[in-house]
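>>> Predicted model and sequence follow; I will ask about them next.
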Amino acid sequence: MKNCKTPIIPHQPVFTGEKKTFDRKAICVFAATGFFLDDDTYYKEQKVVRPAHEYTIEGNAIVTGAPYFKWHYNPIERPLEQIVQEFAVLFESIIKEQVGDKKVILPLSGGLDSRTQAAALHYLGNEVQSYSYAFEGGHDETYYSRKISQACGFPFLEWRVPQGYLWDTIEELASLNGCYSEFTHPRQMAFLDHYAAMGDIFSLGHWGDVLFDDMGVPDDLPFEEQVKVLSKKIIKKGGMELAESLWKSWKLEGDFSSYLTHRIEDLLKGINIPTSANAQIRAFKSLYWAPRWTSTNLSVFESQKPIALPYYDNRMCEFICSVPEKYLAGRQIQIEYLKMRMPSLAKITWQEHRPFNLYHYQWDKRPWNLPYKIIDKIKRSAAPQTLIQRNWELQFVGPANEKKLEHWLFDNPDFSKWIDPEVVSGFYHKFAKENPVYYSHSVSMLLTLSLSTKQNS
């Protein structure tokens, strides 16, 4: 018998129970959203232990379990300046505890989460190896990362994600993430053999953008509307159509849409934060999206070096529950932290609001952003070319990619026994001939389910 205490946001799953009977309803949710909901797995008898719980486990079964933390909204009113100071102390303390004096491997982007980490690591005096990557044939996503690394004095590596890299690594990736996430997002697989020599520990900025922002809804949004907002957020393009097709082909009771809506309603009711729709939706995402989607591919980093996740820390989650929503909205805390701790980073363009930086990003609206948009449009028109903009374009587009994709979709006998080949061919045709953007998720999920037959055999 052993005790198990799960973090508020777990970074890896703990499974209990046995692999016996496929949970087809759960798999339909997975097909629609890209992640398994709540404690679901591929099997009815197997479950994932829930976040923020203390468990007693004997053998492969839970004996007792109870929550030790519940997401809430108890804001303590104080000035923004004080909140930023509190965040600085907490954030830097967490990072110092997590990485100590180890050499840190820091992925950088043009956003705020990793930039905030860069400021903290620079302030703490850590040795850092930073890096970034961009699509081969795509926009130069390393541009702002390079500027951030230069401002901090960090060594910087930049890579190009090559076309078709997935097929050389797909079976290893399936083993690492257990086929609990589709395969087009973890671009880090393209550079797996680089990481070990770069440092001692990863510091990763996952989930900062959710904790330190509002959810884009009025705080008094009715419960029924919150359910609609969440459904829209979690269901991917083409996902509902794929899930409904699987549901019908497996002859499951009722209809998938009603089933998923009832699942979301029940989970949202269990959170019960009546005073803030933003806090309630954030809690839902942190309970069910973060550990079952965002965390799934952290295993890729962890296969090479230990990982540290400052935004996942229990204390950060507790801190968020005390911050008034008006200060979380618009990323204010991270922005003011960067201005306070390292103004040179705040002066670098915020990629999401280019060409504006953190001192005047509010101008990213008409009429102030019109000159940039006009010039940018002229540049794109003067040099027309097809740019790689999406993960799946690197892996699914082109003759070589199509051959590999078709192999996994149509030459896997175990997959054909489980998923109706007509469903597979129908969605592949829609992807290849009708609307690749809309049906890319559907095809990616079918690819994942095909690989899962190997993992679950």
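Received, thanks.
>>> residues contacting L345?
115, 118-119, 148, 151-152, 338 (C-beta atoms under 8 Å, 6 or more residues apart in numbering). C-beta here means a position set from N, CA and C on the backbone, and glycine is covered the same way.
>>> how does it look with 6 Å?
By C-beta atoms under 6 Å, 6 or more residues apart in numbering, L345 lies in contact with 115, 119, 151, 338.
>>> ok, now A119?
338, 341-342, 345.
>>> Most widely separated two among these?
The distance between the two most remote of the contacts of A119 (C-beta to C-beta) is 8.1 Å, for R341 and L345.
>>> list the buried ones in stretch 421-431?
Using 16 or more other C-beta atoms under 10 Å as the test for burial, stretch 421-431 gives 423-424, 426-428, 430-431.
>>> average pLDDT across that stretch?
Mean per-residue pLDDT for stretch 421-431: 98.
>>> same deal with stretch 96-107?
98.
>>> Endpoints of it, how far apart?
End-to-end distance for stretch 96-107, by C-alpha to C-alpha, to the nearest Å: 18 Å.
>>> quick one: contacts of it?
With C-beta under 6 Å, 6+ apart as the test, stretch 96-107 has contacts from 121, 124, 126-130, 198-203, 308.
>>> Pull out the buried positions in stretch 147-161.
147-149, 151-152, 154, 156-158, 161.
>>> Among those, which one sits closest to K47?
When the buried residues of stretch 147-161 are compared against K47 (criterion: C-beta to C-beta), the nearest one is V161, at 35.0 Å.
>>> Give me the distance between the closest one and D313.
30 Å (C-beta to C-beta, to the nearest Å).
>>> ditto for T349
29 Å.
>>> Have a look at these two and say which one is more surrounded.
When neighbours are counted by other C-beta atoms under 10 Å, T349 and D313 differ, and D313 comes out ahead with 21 against 16.
>>> I'd like the distance between the more buried one and E97.
9 Å.
>>> what's the answer for I375, then?
Taken as C-beta to C-beta, the span from I375 to E97 is 46 Å.
>>> which other helices and strands contact the helix or strand where K417 lies?
For K417, the host element (DSSP states H and E) is helix 413-418. Contact analysis of helix 413-418 by 3 or more C-beta pairs under 6 Å, 6 or more residues apart in numbering; DSSP states H and E lists helix 436-455 as its packing neighbours.
>>> In the helix it packs on, which residues are buried?
Across helix 436-455, burial judged by 16+ other C-beta under 10 Å covers 436, 439-453, 455.
>>> Stretch 46-66 too?
Buried residues in stretch 46-66 (16+ other C-beta under 10 Å): 46-53, 55, 57, 62.
>>> Quick check: which ranges of the stretch 101-250 of the chain have low pLDDT?
136-139 (pLDDT under 70).
>>> now the strands for it?
Using DSSP state E, counting those that start in this stretch, the strands of the stretch 101-250 of the chain run over 104-107, 128-135, 156-161, 201-203.
>>> what's the offset of the longest one from the middle of its chain?
Averaging C-alpha positions (C-alpha atoms, centre = their mean, to the nearest Å) puts strand 128-135 18 Å from its chain's average.
>>> Tell me the helices and strands packed up against that strand.
Applying 3+ C-beta pairs under 6 Å, 6+ apart, we find strand 128-135 packed against strand 104-107, helix 142-152, strand 156-161.
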